[in-house]
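Novice: turn this into a model:
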Amino acid sequence: MERIFLKKIIRKKLIKKRKKHYLEITSKHCLDIYKLIKKKYKNVNVIGGYASVNYEFDCLKLLKFLNLKKFTTCLPKIKKNYQMDFYKYSFNEPLMVNNLGITEPLKITKKKIPDLIFVPLVGFDNKLNRLGYGGGFYDRYFEKNLKQKNIIKIGLAFSFQKIKKLPINKFDKKLDNIITEKNLR
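Specialist: Numbers count the residues shown, from 1 in each chain. Sure thing, here's the model as predicted:
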């Protein structure tokens, strides 16, 4: 119970900080991330992402750039019981805001399990732990789909979202990498 309370406090503090220090993602950031994927993750063809909310790293801008570079891009759609799936998305299709305030594809197209997923986050630590919004959608998705496919999980964040140590539990899934505006590894 203490961890849940601590996560809520950290989450509130970091969202407020992100609103004050939001940075616009440039074409150079997109190009650098593209180069990283081509160099480090050679077998990636299908990339999942998200539509940003609350001053998050602009993943749609990045996905659009990657789509122009011939990657198949996908967005998640929330389902019942805190589940979600990813669907192929092209940028001429409309989006809608669901009942949680999250933008997702209006039209359901072909369901995909991405090779690489850019994961939204509120905070992160040195051990690649991620603090999300508390719904557990991504943790459940990874739990379900990592049995079928080795999905590369990359958090997108701003450098100021890093904290020393996050409280974690057995359901939290570590990321494989975290990309910030200052750190592309």
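
Novice: tell me which other helices or strands the helix-or-strand element of the chain with minimal mean pLDDT touches.
Specialist: Lowest by mean pLDDT, DSSP states H and E among the helices and strands of the chain is helix 2-21, with a mean of 86. Applying 3 or more C-beta pairs under 8 Å, 6 or more residues apart in numbering; DSSP states H and E, one finds that helix 2-21 contacts strand 123-124, strand 130-131. Yep, even glycine has a C-beta here, placed from its N, CA and C like the rest.

Novice: wouldn't Leu121 be in contact with Asn129 here?
Specialist: No. Here Leu121 lies out of contact with Asn129, judged by C-beta atoms under 8 Å, at a distance of 9.5 Å.

Novice: which stretches of the protein form strands?
Specialist: With DSSP state E as the criterion, the chain has strands at 46-48, 72-78, 84-88, 95-97, 103-105, 111-112, 116-120, 123-124, 130-131, 152-156, 177-179.

Novice: using JSON lines, lay out those strands together with mean neighbour count, distance to Lys39 and mean pLDDT.
Specialist: Putting those into JSON lines (neighbours: other C-beta atoms under 10 Å; distance: least, C-beta to C-beta, whole Å; pLDDT from 0 to 100) gives the following:
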{"stretch": "strand 46-48", "mean neighbour count": "24", "distance to Lys39": "15", "mean pLDDT": "98"}
{"stretch": "strand 72-78", "mean neighbour count": "21", "distance to Lys39": "19", "mean pLDDT": "96"}
{"stretch": "strand 84-88", "mean neighbour count": "20", "distance to Lys39": "24", "mean pLDDT": "96"}
{"stretch": "strand 95-97", "mean neighbour count": "13", "distance to Lys39": "31", "mean pLDDT": "93"}
{"stretch": "strand 103-105", "mean neighbour count": "18", "distance to Lys39": "30", "mean pLDDT": "92"}
{"stretch": "strand 111-112", "mean neighbour count": "14", "distance to Lys39": "23", "mean pLDDT": "94"}
{"stretch": "strand 116-120", "mean neighbour count": "23", "distance to Lys39": "13", "mean pLDDT": "97"}
{"stretch": "strand 123-124", "mean neighbour count": "22", "distance to Lys39": "22", "mean pLDDT": "96"}
{"stretch": "strand 130-131", "mean neighbour count": "23", "distance to Lys39": "23", "mean pLDDT": "94"}
{"stretch": "strand 152-156", "mean neighbour count": "23", "distance to Lys39": "13", "mean pLDDT": "96"}
{"stretch": "strand 177-179", "mean neighbour count": "20", "distance to Lys39": "12", "mean pLDDT": "95"}
